[in-house]
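Enquirer: predicted model follows, preceded by the sequence.
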Amino acid sequence: MIFRQLFDPVSSTYTYLLAERSGGEALIIDPVLDRVDQYLQLVRELDLKLVMAVDTHIHADHVTGLGKLRSASGCASAMGEHSAAECVSLRFREGETLKADGVRLDVLYTPGHTDDSYSFVMGDRVFTGDTLLIRGTGRTDFQNGDPGAQYDSLFHKLLVLPEDTLVYPAHDYEGRTCSSIGEEKRHNPRLQVASRQEYVDRMNALRLDPPRLMDIAVPANRACGMEQVA
Ligand SMILES: [Fe+2]
């Protein structure tokens with residue numbers, strides 16, 4: 001198994017390059033536009049054929065590399081059926097499986113951070129986007145965010161996975177690279193709530209500054225990062 005967790009220090013984004021073996025097909029999750037050349041070099045060095053680039057949701061804090069990767073490698077660009085991105089070549093929905101040779105990603109629809117947020121289960125691990133972060137959860141105050149929907153996604157879809165499932169989020173701002181479902185259940189402060197309403201109230205009480213790049217990143221990402229936005 002080839003599993004590479006790549007990091008963009010500007011936006012603290014984790015990008016994942018996945019393949020079963022050298023010489024085989026590869027899939028990349030949440031690529032950052034400014035890092036595309038680095039990903040393509042790694043793909044070449046590992047003798048991989050990139051067949052799919054996937055975003056967990058429309059990001060507000062960085063411009064996606066989906067479009068540039070598609071032009072450079074001919075890979076499919078994929079987002080969920082709820083995404084407002086017009087530019088993708090493939091749309092997935094919950095219950096489907098994304099495949100690249102021996103890699104299998106089972107699709108879960110996990111709205112709340114945004115209404116187009118998805119997570120992907122790959123065997124013993126789950127890619128949680130901005131739905132479940134390490135010791136945190138994604139904010140719900142823009143892009144059709146909904147704390148009640150996020151509670152349902154967290155408690156009814158992600159936290160019901162086996163406790164030793166490894167958690168790989170789309171971001172971490174403290175250098176933490178990986179967690180597990182059991183660890184987050186016990187130690188994630190946002191998850192220590194007695195009810196859905198308590199979670200909603202807690203999220204609604206947060207007062208956060210808008211992401212620095214939101215006005216640039218969201219429109220650009222609807223075009224898969226391929227259009228200049230003033
Ligand atoms: Fe996000």
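Expert: Perfect, thanks for sending it.
Enquirer: my guess is Ile134 contacts Pro169. True?
Expert: Yes - counting by CB atoms under 8 Å, Ile134 sits close enough to Pro169 to count as a contact (5.9 Å). To be clear about C-beta, it is placed using only N, CA and C from the backbone, and glycine gets the same treatment.
Enquirer: mutual contacts of these two, please.
Expert: Ser179 (CB atoms under 8 Å, 6 or more residues apart in numbering).
Enquirer: closest residue of the chain to the ion?
Expert: At 3.7 Å from the ion, Asp130 is the closest residue in the chain, using CB to the ion.
Enquirer: helix or strand for Ala217, which one?
Expert: Per DSSP states H and E, Ala217 falls inside helix 214-222.
Enquirer: tell me the mean pLDDT for that helix?
Expert: In this model, helix 214-222 carries a mean pLDDT of 92.
Enquirer: same question for that helix: list its buried residues.
Expert: Under the neighbour-count criterion of 16 or more other CB atoms under 10 Å, helix 214-222 has Ile216, Ala217, Val218, Ala220, Asn221, Arg222 buried.
Enquirer: and if you look at stretch 115-124?
Expert: By neighbour count, with 16+ other CB under 10 Å as the criterion, the buried positions of stretch 115-124 are Asp115, Asp116, Ser117, Tyr118, Ser119, Phe120, Val121, Met122.
Enquirer: which SSE is the fifth one in?
Expert: Read that as Ser119. Here Ser119, judged by DSSP H and E, is contained in strand 118-122.
Enquirer: the first one too?
Expert: According to DSSP H and E, Asp115 maps onto no helix or strand at all.
Enquirer: phi, psi for it please.
Expert: Main-chain torsions, Asp115, degrees, to the nearest 10: phi -80, psi 0.
Enquirer: helix/strand/coil for the closest residue to Glu163 other than its chain neighbours?
Expert: Nearest residue to Glu163, sequence neighbours excluded (CB to CB, 6 or more residues apart in numbering): Gly182, at 3.1 Å. Each residue gets one of three states, and Gly182 gets helix by DSSP: H, G, I helix; E, B strand; the rest coil.
Enquirer: hang on, isn't Gly182 packed against Val167?
Expert: No - in terms of CB under 8 Å, Gly182 does not count as a neighbour of Val167; the distance is 9.7 Å.
Enquirer: which one of the two is surrounded by more residues?
Expert: Here Gly182 and Val167 are compared on neighbour count by other CB atoms under 10 Å; more neighbours surround Val167, at 22 against 15.
Enquirer: now the residue lying closest to that one once chain neighbours are set aside: how far from Val200?
Expert: The shortest distance from Val167 to any residue other than its chain neighbours is 4.3 Å, reached at Ser179 (CB to CB, 6+ apart). Distance, Ser179 to Val200, by CB to CB, to the nearest Å: 24 Å.
Enquirer: ok, these two, which is more surrounded?
Expert: Comparing Ser179 with Val200 by neighbour count (other CB under 10 Å), the higher total belongs to Ser179, at 21 against 18.
Enquirer: any idea how far that one is from Thr128?
Expert: Where Thr128 is concerned, Ser179 sits at a distance of 9 Å (CB to CB).
Enquirer: list residues touching both of these two?
Expert: When CB under 8 Å, 6+ apart defines a contact, the residues bordering Ser179 and Thr128 alike are Val167, Pro169.
Enquirer: each with direction, which strands does the strand holding Ser119 pair with?
Expert: Paired strands of strand 118-122, with direction, are strand 103-109 (antiparallel), strand 125-129 (antiparallel) (DSSP bridges).
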